[in-house]
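J.: generate a structure from the sequence data that follows.
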Amino acid sequence: MLARILSIPLALASCGLWAAPQPARAQNSAPFAPRLHALRGGIHQIWPLSVSHCPNGGSDLLVLHSDGAPPQTRKWLTWMPCGSALRPDDPSIVERLLPDDAVVVDVASLPGRNGPQLVIASAAGLRIQSLGERDAAIAVPIPGGLPLPPRPWEIGRLELVDDWNDNGRPSVLVPALDGAWLVELPSADVRRIPLPVYASYRTWNPFLPVTVWKWMIQEVTWPTIARADDNGDGRLDLFALSRWAIWIYHSGPDGLPSEPSRKLTLQPFDAETERRHESTINNYFALDMNGDTLADLMLSTIGGSLMDGRSTSRVHLNSGSGVSPDAEPDARRDREGGFSGFIFRDLDGDGREELIETSIEFGIVQMIRVLITRRAETTVRVLRIDPEAENGLRTVFEDQFAFRLDFGEGATSDLVPGLGDWNGDGVSDLYVARGSKEISFRLGSRTAGEPLFGSATGRQPIPIPSGESRVSDLDGDGLDEIIAFTDNDPEQPLVVLENLGRLPGTRPELRAPPD
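T.: Numbers count the residues shown, from 1 in each chain. Alright, predicted model coming up:
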């Protein structure tokens, strides 16, 4: 349970989460219509994607799930193309049993093949299968295989396919022991890309107080991968951001070079903290934060104990000749006595990323609250980079959120809120939990003098007691849908909430008639 509580700032930050006052009742009936899908076993991951060429501008949905228990676990992929997630039992929905040795998958369009293609990575290499057309399956062997031992409990997606060379042609990037293999398509030519990879090990130890009876336990950490323009030539470069190093590959006319163009060295923690490295977290980001098309860096670290947590985040802006963490940061955020996590989102559509910080403070009061009320509080702030503000960051929104804890499941209760455009005005809105199995909505505003998010409106029943969500405009009408699911109860359905256009500010032509 403690691990779950410590993970809350990072998990909630991924949704931009805060509290809701009591909402007014919607003028019409519920603003969303639930569409339920019964899937085999329990859901592990859901990914909104845009792979199919949908005539209505809709989007696809990838669902990864499994049933059974090891060693008889069966891994499944369900593919819902072009808004078919809004129509349970639609004949275009594809269910596919995955191979037992599948570790990660991706779905993408590939040159020389028709329709969405399933890319499966395992220790043997790559397999490519069609999800629609009748293209023959192909195998792409990797020299020496891939460092991907069998995954007995679950299955996940990794973004394997992208225009990694920035030449307009997709290729595949898959993990290697010392970095990655870059697989060119359709030729299947393979070359090595070194990356800063490290591992931790626990080896056989028969002595008290901590015994290790396994021969060896290994945990490998590959870097965060990002694509952004480092050197200002208009091409997207490859960033590999690891704990102590950032390697940057500058894309050129021939694609990515075989060796890093730049190597940056970092020391996120002192020697004393590194001795307790299991209780630390580092998250590094490379992205354009101020709208000038250049790659900036945000370096975020978390350390300390439960009652003495420390979070530090530094923003380094790119002046045009390549970003560097050695200079004084352009913005800095320090938190004591708790933990915080960040995501980035252009909330108002001005081309600049806002920083959404979710922080949780620990102390005697918080611990008493958790034990007595089974609730904890977190604070959400929306920050903007501002050279005139203290430490280079200006707070434009702040609110508190109290979430319920389920000690039996070791998880939070209710549906974890999320951001989306619920009324089609181009500004991010959010939904927030309103008690058991119900949410309400706080609409966003870019108008000067108005709060970034208004008071709660509307009431929407949710037919699952807790979980998380994804957001996507599934039918291409300009209104985002909510895809809700839980990953700890295989009896619960996948819930797709179709946006009926009934929230304030929705254009009349997008509104559905009231029930």
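J.: what residue ranges in the stretch 201-350 of the chain score low on pLDDT?
T.: 305-307 (pLDDT under 70).
J.: one more time with 50, if that's ok
T.: Low-confidence segments of the stretch 201-350 of the chain, defined by pLDDT under 50, are absent.
J.: and if you look at the stretch 1-150 of the chain?
T.: For the stretch 1-150 of the chain, the stretches flagged by pLDDT under 50 are 1-6, 8, 10, 12, 14-28.
J.: give me the beta-bridge partners of residue 496?
T.: Taking DSSP bridges as the rule, residue 496 bridges to residue 35, residue 483.
J.: brain fart, residue 385
T.: Going by DSSP bridges, residue 385 is paired in beta bridges with residue 393.
J.: part of a strand, is residue 471?
T.: Yes. Counting by DSSP: H, G, I helix; E, B strand; the rest coil, residue 471 is found in a strand.
J.: can you get me a residue count around it?
T.: Number of residues near residue 471 (other C-beta atoms under 10 Å) recorded here: 20. Placement of C-beta: from N, CA and C, glycine included.
J.: thinking it is in contact with residue 418, fair?
T.: Yes. Between residue 471 and residue 418 there is a contact under C-beta atoms under 8 Å: 5.5 Å.
J.: do I have it right that residue 47 meets residue 156?
T.: No. Between residue 47 and residue 156 there is no contact under C-beta under 8 Å: 9.6 Å.
J.: joint contacts of these two?
T.: Shared contacts of residue 47 and residue 156, defined by C-beta atoms under 8 Å, 6 or more residues apart in numbering, comprise residue 64.
J.: and the two? which has more neighbours close in?
T.: residue 47 (18 against 14).
J.: partners of that one in the sheet?
T.: Counting by DSSP bridges, residue 47 is bridged to residue 62.
J.: how far away is it from residue 476?
T.: 18 Å (C-beta to C-beta, to the nearest Å).
J.: quick one: residues contacting residue 421.
T.: Remark: with contacts taken as C-beta under 8 Å, 6+ apart, residue 421 is in contact with 427-429, 473, 478-480.
J.: give me the pLDDT value at it.
T.: Residue 421 is assigned a pLDDT of 97 by the prediction.
J.: so for stretch 158-174, what gets flagged as buried?
T.: Going by neighbour count (16 or more other C-beta atoms under 10 Å), the buried part of stretch 158-174 is 158, 160-162, 164-166, 170-174.
J.: ignore the last one, stretch 348-359
T.: Residues 348, 352-359 are the ones in stretch 348-359 that count as buried (16+ other C-beta under 10 Å).
J.: in the protein, what residue sits furthest out from the centroid?
T.: What lies farthest from the middle of the chain is residue 207; by C-alpha atoms, centre = their mean that is 40.3 Å.
J.: which residue ranges of the stretch 301-450 of the chain form strands?
T.: 308-316, 331-336, 338-345, 354-361, 375-385, 393-406, 411-412, 414-415, 418-420, 429-433, 438-444 (DSSP state E, counting those that start in this stretch).
J.: of all those, which lies closest to residue 115?
T.: Smallest distance to residue 115 across these (C-beta to C-beta): 27.7 Å, for strand 418-420.
J.: what packs against the closest one?
T.: If you count contacts as 3 or more C-beta pairs under 8 Å, 6 or more residues apart in numbering; DSSP states H and E, strand 418-420 packs onto strand 429-433, strand 466-472.
J.: the first one - contacts with which helices or strands?
T.: What it means is strand 429-433. Against strand 429-433 (3+ C-beta pairs under 8 Å, 6+ apart) you get strand 418-420, strand 438-444, strand 453-461.
J.: report the rounded mean pLDDT for it.
T.: pLDDT averaged over strand 429-433 gives 91.
J.: burial count for residue 470?
T.: Neighbour tally, residue 470, other C-beta under 10 Å: 18.
J.: possible to save the helices and strands packed on strand 418-420 as a markdown table with distance to residue 79?
T.: Shown next, in a markdown table, are the helices and strands packed on strand 418-420 (distance: least, C-beta to C-beta, whole Å):
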| stretch | distance to residue 79 |
| --- | --- |
| strand 429-433 | 26 |
| strand 466-472 | 14 |
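J.: if I look at the residue nearest to residue 73 when sequence neighbours are not counted, how far off is residue 440?
T.: Nearest residue to residue 73, sequence neighbours excluded (C-beta to C-beta, 6 or more residues apart in numbering): residue 66, at 5.5 Å. Here the distance between residue 66 and residue 440 works out to 33 Å (C-beta to C-beta).
J.: how about residue 314?
T.: Distance check for residue 314 against residue 440: by C-beta to C-beta, it reads 36 Å.
J.: out of those two, name the residue with the larger neighbour count.
T.: residue 440 (25 against 19).
J.: quick check: beta-bridge partners of residue 107?
T.: residue 118.
J.: ok so, going back, am I right that the residue farthest from the centre of the chain sits in a helix?
T.: No. Counting by three-state DSSP, residue 207 falls outside a helix, being coil.
J.: could you number the chain from 556 rather than 1 from now on?
T.: That works, and once the first residue is 556, the last one we named lands at residue 762.
J.: about what we covered before: between the contacts of residue 976, which is nearest residue 805?
T.: Nearest member of the contacts of residue 976 to residue 805, counting by C-beta to C-beta, is residue 983, at 32.8 Å.
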